[in-house]
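Asker: missing the sequence, but the structure's below:
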């Protein structure tokens, strides 16, 4: 995020390539470890529900993050556009020179004087929009980098719970029910007593 916060309108392919490579590698390690810590103390019979809730919360969090950053980009773009437009006035030295150069460029491509003048203003407005969008994206990358740094202390709250070791099955558990000796029927106490001789 911090490397992407130094971009400008002249950035090329390789200025973004390595940052994206590092981000992809880091995210793969991040989600695997989070999943392992979240599911470490959950019983196997509840694992299906737990993974569903984990994915749901991750999607909800991602949706909130996208919405927040989209709003941030829109508002900061409007802010930078208004601030940049303050410097585009007839009193500035660069503005009339750029306007005449753009107008001459459009006239060279066959436009009349009035149309070239309007298109020159439109081109300058487009440049202001590009610069404002670039500044807002740079700030968004910087804010996300700071947000990740602020999340680091929360890693201390994570606890990895080792799953309980399963007891090894005994030999008796491994013997099928059909091979086990049938249980002897209980002998009633009256039957086990010795017969009593009755004399007449």
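Answerer: Arrived safely. Remember, it's a predicted structure, so these values are computed and weren't measured experimentally.

Asker: Mean pLDDT per helix and strand in this structure: which one sits at the bottom?
Answerer: Least confident element among the helices and strands of the chain, by mean pLDDT, DSSP states H and E: helix 189-192 (a mean of 51).

Asker: now the one helix or strand residue 68 maps to: how far from the chain's centre is it?
Answerer: Here residue 68 sits within helix 47-85, counting by DSSP states H and E. Computed by C-alpha atoms, centre = their mean, to the nearest Å, the chain-centroid distance of helix 47-85 equals 9 Å.

Asker: Show me which residues of it are buried.
Answerer: 69, 76-77, 80-81 (16 or more other C-beta atoms under 10 Å). For every residue, glycine as well, the C-beta is placed using N, CA and C.

Asker: and those residues as a markdown table, adding distance to residue 99?
Answerer: Formatted as a markdown table, the buried residues of helix 47-85 follow (distance: C-beta to C-beta, whole Å):
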| residue | distance to residue 99 |
| --- | --- |
| 69 | 35 |
| 76 | 27 |
| 77 | 23 |
| 80 | 21 |
| 81 | 18 |
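
Asker: Closest one to residue 31 out of the residues you listed, please.
Answerer: residue 69 (19.1 Å; C-beta to C-beta).

Asker: Need the pLDDT of the closest one.
Answerer: pLDDT, residue 69: 94.

Asker: Point out where this structure drops to low pLDDT.
Answerer: 160-200 (pLDDT under 70).

Asker: Could you rerun that using 90?
Answerer: Within the chain, the stretches with pLDDT under 90 are 3-15, 18, 23-52, 54-55, 58, 84-103, 105, 107-125, 151-200.

Asker: tell me, what residue is most central in it?
Answerer: residue 62 (5.3 Å; C-alpha atoms, centre = their mean).

Asker: need the contact list for it.
Answerer: Applying C-beta atoms under 8 Å, 6 or more residues apart in numbering to residue 62 gives no contacts.

Asker: residues touching residue 72, list them.
Answerer: 136, 139-140, 143 are the contacts of residue 72 under C-beta under 8 Å, 6+ apart.

Asker: would you list those in TSV and tack on secondary structure, neighbour count and distance to residue 16?
Answerer: Formatted as TSV, the contacts of residue 72 follow (DSSP: H, G, I helix; E, B strand; the rest coil; neighbours: other C-beta atoms under 10 Å; distance: C-beta to C-beta, whole Å):
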residue	secondary structure	neighbour count	distance to residue 16
136	helix	20	17
139	helix	17	17
140	helix	20	15
143	helix	15	18
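
Asker: Which one of the residues you listed is nearest to residue 33?
Answerer: Closest to residue 33, out of all of these and judged by C-beta to C-beta, is residue 143, at 24.0 Å.

Asker: show me what contacts the residue nearest to residue 120 when sequence neighbours are not counted?
Answerer: In this structure, residue 120 finds its nearest non-sequential neighbour in residue 102, 3.7 Å apart by C-beta to C-beta, 6 or more residues apart in numbering. Contacts for residue 102 (C-beta under 8 Å, 6+ apart) come out as 119-120, 123-124.
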